[in-house]
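1. sequence? don't have it. structure:
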């Protein structure tokens, strides 16, 4: 199943390669797109980061937060390709997902664009250093 | 105490508007209850037996009088004239309307308060020592560290959909007044041999259906790595905590199943990685936070009280705690009047407590996890005037840490998870002991009642604990003995088969009789139990 | 008999299905037989009830008594605050719940 990408916050061309499973990616050396399930270890992808153009992170249920760690780890490790949240992705989670490094969203149920816009612009600042480059409040206080 | 700057205020204000929008979408049917539930929970809003319930965060239990007045006003304006102080130093309101909740949150925000992350599978309100900044025995005030953690954990993008809820407590004294080792993470601020401050991390404690005492996983985390280490602890949990069974999803199960060594090894590995990410707030931020918790302008005054009034003398002996200044004490306002509802306070009482804080305690109050209120810095010279005012308002019960000072969860009178009522038991037990006059004789005796296995009433950690269960549709109560949530943390053991309501009250009297009969000089109930074991109690209860 | 209960979405008040609408009073509850799921689905979709569910109860004269103590507490109010229950002036009300 391929969910349609509804939001994409990157300028490069979207890859047309189909995402292979995590297992297939680890075995087959030429895949450029992979889909992670919640239990998959994102760090196992580190040897392939150079060739990966797309990592899809599946959220079978929005309450399963493992995908947030997977995304942030990939960004911390230097992954710069597309990081796409797929599945049960809801508007009220999208701002946190952006902060963890997701830059594309393919929700199973399309989101209202106005709601997404509001959600992404709701909070003026952030408290934590994440992987989106935003300066957290504790840093801003001591500039 | 901590005061918001414009950053904090803007974040809390934004959260109010976010919730207003979310509630509106729910009311309009644009999101389902299933989608809304975690959103409302992360704003402290439950659906309970009779209505929505809102839990308001009181970070590390510290309040000023303006905030306490607002809590009272909220009780009048949005609820039915009262609130309930909880075992995690928060307050909850029982009769809230969804359609008014955003307005309520806006009122809270106007006094630098919120309900953020007081429920849900996220990092909850940080709790701490209720005598912080006042106690004679503390190393430093733990609250700057708690505040640092509060800000870091608020709206944390990676850790808002954890396997289960996550509770952190911070203390900085050898005496544990926050049940630190019964938290997901317990942090004790300590000094190493070189005289530097740091944090000992205890991870994987908790109560609930599988109670566990947290093992120490690291003796010393330097203060400038505190957040980074916490981040590593949480990441390992978020990635590997069980999500297949909600009853096995707390971090205590992960630590237990992996083993302390393996969990620690994974945290250390992640910690090494996180150190490279530079996630720690600048140290100047910790220094800034410390300035909010400096001593108030203490004055000189008498170091003793006139004990000629025996009622006053008893209250002083029972309800005051040693202060770092010898002419001050911390005074405890008991919310456990005989026959009363533990932790409940009317709006009028809240207003009075706020006024007294302003007058006698540098504008500061604390909520204890034992559901009482502390005025942390009271001049000994002012104690009689304070007590007189409390007595007149029915808030002068001299029963701190006695069998009348019962912790009780809301139980089946309010809570949709409960199997049995807790409050009526607490009421009848305090009445029984007030009547038979043994409260004073029994001395320190911590009795804790939960209405279900989730253990909000901390029954595992009571010297005497009571657990309400559902036995074929009727209320039944199991009795536990030997728990402690202090530095000598232990978990209570069940005596045997359960009792009905009358039976369990009689059973408690039986158990205390055994203690009085067997105790040796200076022994508390817990000490006697630990010396003689369960058998003598069992024999008296069941033979 | 099988009756339906839940909470009012906006106010959170405890409500009972009376055959046409939702009532605050358990004694108004009617037996819904096999129709529980259909009524709940419709009422939930119309946002007239939140977290509705069906329970067993018995008809005793003009009174309806839920089988489980939890729903009897819901029907009355907190037993420790008679003043806040639906029957503040009835001294027997709490005894009947337990």
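-> Received, thanks. Please read all numbers here as calculations on a predicted model, not as lab measurements.
2. show me the contacts for residue B:405.
-> Contact partners of residue B:405, counting by Cβ atoms under 8 Å, 6 or more residues apart in numbering or on different chains, are B:334, B:336, B:370, B:372, B:399, B:446, B:447. Bear in mind the C-beta positions are built from the backbone N, C-alpha and C, glycine included.
3. give me the element the nearest residue to the fifth one once chain neighbours are set aside is part of.
-> Right, residue B:399. Spatial nearest neighbour of residue B:399, excluding adjacent residues (Cβ to Cβ, 6 or more residues apart in numbering or on different chains): residue B:405 at 5.1 Å. For residue B:405, there is no host helix or strand (DSSP states H and E).
4. where does the stretch 51-200 of chain B come near chain C, residue by residue?
-> B:51, B:52, B:80, B:94, B:95, B:96, B:97, B:98, B:99 (Cβ under 8 Å from any Cβ of the partner chain).
5. unless I'm mixing things up, the fifth one is touching residue B:51, no?
-> Looking back up the chat, that one is residue B:95. Yes: in this structure, residue B:95 is within contact of residue B:51 by Cβ atoms under 8 Å, at 4.8 Å.
6. which residues are in contact with both of those two?
-> Shared contacts of residue B:95 and residue B:51, defined by Cβ under 8 Å, 6+ apart, are found at residue C:12.
7. want to throw the contacts of residue B:405 into TSV with neighbour count, pLDDT and secondary structure?
-> Below are the contacts of residue B:405 laid out as TSV (neighbours: other Cβ atoms under 10 Å in any protein chain shown; pLDDT from 0 to 100; DSSP: H, G, I helix; E, B strand; the rest coil):
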residue	neighbour count	pLDDT	secondary structure
B:334	25	98	coil
B:336	25	98	coil
B:370	26	96	coil
B:372	26	98	coil
B:399	25	96	coil
B:446	24	98	coil
B:447	27	98	strand
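8. ok, the closest residue to residue B:407 other than its chain neighbours to chain C distance?
-> Closest residue to residue B:407 apart from its sequence neighbours, by Cβ to Cβ, 6+ apart: residue B:448 at 4.3 Å. Between residue B:448 and chain C the computed distance is 18 Å (Cβ to the nearest Cβ, to the nearest Å).
9. gap between residue B:448 and residue B:397?
-> Using Cβ to Cβ, to the nearest Å, we find residue B:448 at a distance of 18 Å from residue B:397.
10. what's across from residue B:476 in the sheet?
-> On the basis of DSSP bridges, residue B:476 is bridged to residue B:469.
11. and chain A, which of its residues are near chain B?
-> Counting by Cβ under 8 Å from any Cβ, chain A comes close to chain B at A:38, A:62-66, A:68-70, A:72, A:76, A:90, A:92-93, A:95-97, A:99-100, A:112, A:115, A:118-119, A:122-130, A:136-142.
12. Looking at those, which are in helices?
-> Judged by DSSP state H, helices contain the following of the residues of chain A next to chain B: A:66, A:68-70, A:72, A:76, A:95-97, A:99, A:115, A:118-119, A:137-140.
13. Residue B:541 against residue B:479, yeah?
-> Yes: counting by Cβ under 8 Å, residue B:541 touches residue B:479, with 7.5 Å between them.
14. And the contacts of the lengthiest helix in chain C?
-> When chain C is parsed with DSSP H, its longest helix is helix C:36-45. By Cβ under 8 Å, 6+ apart, the surrounding residues in contact with helix C:36-45 are B:29, B:33, C:2, C:4, C:6, C:17, C:22, C:32, C:49-50, C:52-54.
15. Can you tell me which of the residues you listed is closest to residue B:452?
-> For the contacts of helix C:36-45, the minimum distance to residue B:452 (Cβ to Cβ) is 18.4 Å, reached by residue C:53.
16. tell me which residues of stretch B:311-331 are tucked away?
-> Residues of stretch B:311-331 classed as buried under the neighbour-count rule (16 or more other Cβ atoms under 10 Å in any protein chain shown) are B:312, B:315-316, B:318-321, B:323-325, B:328-331.
17. what's the helix or strand bottoming out on mean pLDDT in chain A in contact with?
-> The weakest-scoring helix or strand in chain A, judged by mean pLDDT, DSSP states H and E, is helix A:22-27 (a mean of 90). Identification of contacts with helix A:22-27 by Cβ under 8 Å, 6+ apart yields A:31, A:34, A:35, A:36, A:37, A:40, A:44, A:45, A:48, A:52.
18. Give me the buried subset of the residues you listed.
-> Neighbour-count burial (16+ other Cβ under 10 Å) is assigned, among the contacts of helix A:22-27, to A:31, A:34, A:35, A:36, A:37, A:40, A:45, A:48, A:52.
19. what sits against the fourth one?
-> The one in question is residue A:36. Applying Cβ under 8 Å, 6+ apart to residue A:36 gives the contacts A:22, A:42, A:45, A:55, A:56, A:57, A:58, A:67, A:70.
20. A helix includes residue B:353, no?
-> Yes: per DSSP: H, G, I helix; E, B strand; the rest coil, residue B:353 lies within a helix segment.
21. Now do it against residue B:363, distance only.
-> 12 Å.
22. In terms of neighbours, single out the busier of these two.
-> Set residue B:353 next to residue B:363 and count neighbours by other Cβ atoms under 10 Å in any protein chain shown: residue B:353 wins out with 26 against 18.
23. Thought residue B:335 was touching the more buried one, still the case?
-> No: the criterion here is Cβ under 8 Å, and residue B:353 misses it with residue B:335 at 9.4 Å.
24. what is in contact with these two at once?
-> The contact sets of residue B:353 and residue B:335 overlap at B:345, B:373, B:395 (Cβ under 8 Å, 6+ apart).
25. hey, where'd the strands end up in the chain?
-> You didn't say which chain, so I picked chain A. A:7-8, A:20-21, A:33-36, A:54-59, A:82-87, A:104-107 (DSSP state E).
26. Actually, chain C is the one I wanted.
-> C:2-7, C:14-17, C:22-23, C:50-60, C:63-66.
27. With respect to burial, which of the ones you listed scores highest?
-> strand C:14-17 (a mean of 25; mean count of other Cβ atoms under 10 Å in any protein chain shown).
28. Would it count as contacting chain B?
-> Yes: contact of strand C:14-17 with chain B (Cβ under 8 Å from any Cβ) involves residue C:14.
29. What strands line up against that strand, and which way round?
-> strand C:2-7 (antiparallel), strand C:22-23 (antiparallel).
30. contacts for that strand?
-> By Cβ under 8 Å, 6+ apart, the residues outside strand C:14-17 that reach it are B:49-51, C:3-8, C:22-26, C:28-30, C:32, C:39, C:43, C:49, C:52, C:64, C:74-75.
31. Go again with 7 Å.
-> B:50, C:3-8, C:22-26, C:28-30, C:32, C:39, C:49, C:74-75 (Cβ atoms under 7 Å, 6 or more residues apart in numbering or on different chains).
32. Please apply the same query to stretch A:65-76.
-> Contact with stretch A:65-76 is made by A:36, A:38, A:42-43, A:45, A:55, A:57, A:59, A:83, A:85, A:96-97, A:100-102, A:130-131, B:157-158, B:160-162, B:235, B:238-239, B:277, as judged by Cβ under 7 Å, 6+ apart.
33. which one of the buried residues of stretch B:311-331 sits closest to residue B:139?
-> residue B:324 (11.1 Å).
34. Does the closest one touch residue B:136 like I think?
-> Yes: under the criterion of Cβ atoms under 7 Å, residue B:324 makes contact with residue B:136 at 4.9 Å.
35. Output the contacting helices and strands for the host helix or strand of residue B:479.
-> Under DSSP H and E, the secondary-structure element containing residue B:479 is strand B:474-481. For strand B:474-481, the packing partners by 3 or more Cβ pairs under 7 Å, 6 or more residues apart in numbering or on different chains; DSSP states H and E come out as strand B:464-471, strand B:493-494, helix B:501-518.
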